[in-house]
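Trainee: Provided below for reference: sequence and predicted model.
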Amino acid sequence: MTKEEMRMKILKAIEHEARVDIHELAIRLGTDEAAIANEMSDMEKEGIICGYLTLIDWDKTDSQTVTALIEVRCTPQRGQGFDTVAERIYKYPEVNSVYLISGGFDLLVTLEGSTLKEIATFVTDKLSAQESILSCATHFILRRYKDHGTILAKKYSDERQLITP
């Protein structure tokens, strides 16, 4: 197996199961633990592996968290495009992610707050106040059915009795 093939297999294995044991991964890929550990370390140093996340269904906890998707229309900066605007936005600690997108808006920003008002305050005081931001559209996540490839909602089953004449 080539180095690139091994990298792709490691990445695919840990993408949905970050806690996989290196010993188990070595068995699955038919190689030794040292090779896996070294390759993962190299990919971390190169910035290919950027972090390890835990997917949490916050609806099943006592936490009161509001998640928002904010579409942002902005003016690109001369010589830098949208990068400067995106950098200003992603530096806010409450921002989870910023994506350059196609369509009617330029950036998609995701963030979490304690209340709807907290999100609204962020949008009006921090986003809309920037001179390069032309407009924003805020969408609140009401329910998560699937996130990062993991199904969170239990399957709907119709519990009504069938009545036939």
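Mentor: Here it is on my side, so go on.
Trainee: so how far is D83 from the spatially closest residue to G30 that is not a sequence neighbour?
Mentor: The shortest distance from G30 to any non-neighbouring residue, by Cβ to Cβ, 6 or more residues apart in numbering, is to M1 (7.6 Å). Any C-beta I mention is one placed from the backbone N, CA and C, and that applies to glycine too. Note on M1: its distance to D83, by Cβ to Cβ, to the nearest Å, is 37 Å.
Trainee: how about the strands in the chain?
Mentor: For the chain, applying DSSP state E gives strands covering 66-74, 95-100, 107-113, 133-140, 146-147, 150-151.
Trainee: thinking again about what came up before, close enough to count as contact, the residue nearest to G30 and I36?
Mentor: No: if you go by Cβ atoms under 8 Å, M1 and I36 don't touch, sitting 11.6 Å apart.
Trainee: overlap in contacts of those two?
Mentor: Common neighbours of M1 and I36, using Cβ atoms under 8 Å, 6 or more residues apart in numbering, are L29.
Trainee: so who does V66 touch?
Mentor: Per Cβ under 8 Å, 6+ apart, neighbours of V66: E112, G113, S114, T115, L116, E118, I119, F140, I141.
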